[in-house]
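Asks: What would the 3D arrangement of this be:
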Amino acid sequence: MLESCQNAQERWGGVHLLIDRWLQERNELIRAFDVLGDTPEQLLADRPTLQKFCEILVDYVSAGHFEVYEQLTSEAKAFGDERGLELAEKIYPRLDAITKLSLAFNDHCDKGDCSDANLIATRLKELGGLLHERFELEDCLIEVLHTSHKTLAEAAEA
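Replies: Take a look at the predicted model:
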């Protein structure tokens, strides 16, 4: 019985810590976005801040894509959560599309194509909307694929 409890804690406690760390990265991404200037002139004047934002953006979307989503899906499978897995199948394609657009924004800046401040400002505004959508979708996944299983994992520990 104790071994079962320990295994549950190791297995699902790790997912919880991964999500916590990832949500902290999200807050860092939001802060970095907020620091960027509102005007094209401000963006051009502070390229290091734009570059830092891009680094955080890539780290955040990569962690979601390659770590968190995979863990959430594994957890849902382990609990036999068909409803959650169906929801994930519907949401993942949109998250994947937003990931690709986020990486394209970063690639655009990495290539040095940031000289057109008006274009960068427009793309950044679009990216802000996409990130807002992404955060809502991710929160839904966390709620359905993790939080709903938390009580089951805690019951397994008891």
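Asks: alpha carbons only for contacts and neighbour counts from here, please
Replies: Noted.
Asks: would you list every one of the helices in the protein?
Replies: 2-35, 40-45, 47-63, 69-78, 82-110, 117-142, 148-157 (DSSP state H).
Asks: Any chance of TSV for those helices, columns mean pLDDT and mean neighbour count?
Replies: Output for these, formatted as TSV (pLDDT from 0 to 100; neighbours: other CA atoms under 10 Å):
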stretch	mean pLDDT	mean neighbour count
helix 2-35	70	15
helix 40-45	71	16
helix 47-63	92	18
helix 69-78	88	18
helix 82-110	93	16
helix 117-142	90	16
helix 148-157	57	15
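Asks: For stretch 15-27, which outside residues touch it?
Replies: Identification of contacts with stretch 15-27 by CA atoms under 8 Å, 6 or more residues apart in numbering yields I56, Y60, A63, G64, V68, Q71, L72.
Asks: Run through the residues that contact the residue lying closest to F33 once chain neighbours are set aside.
Replies: Distances taken as CA to CA, 6 or more residues apart in numbering place F53 nearest to F33, at 6.4 Å, with adjacent residues excluded. Neighbouring residues of F53 by CA under 8 Å, 6+ apart: L29, A32, F33.
Asks: closest to R83 among those?
Replies: L29 (30.4 Å; CA to CA).
Asks: Verify the stated contact: that closest one with V58.
Replies: No. Using CA atoms under 8 Å, L29 makes no contact with V58, being 9.7 Å away.
Asks: intersection of neighbour lists for these two?
Replies: By CA under 8 Å, 6+ apart, no residue touches both L29 and V58.
Asks: Please report the distance of the residue most central in space within the chain from D20.
Replies: Centroid-nearest residue in the chain, with CA atoms, centre = their mean: G64, separated by 4.3 Å. Distance from G64 to D20, counting by CA to CA, to the nearest Å: 12 Å.
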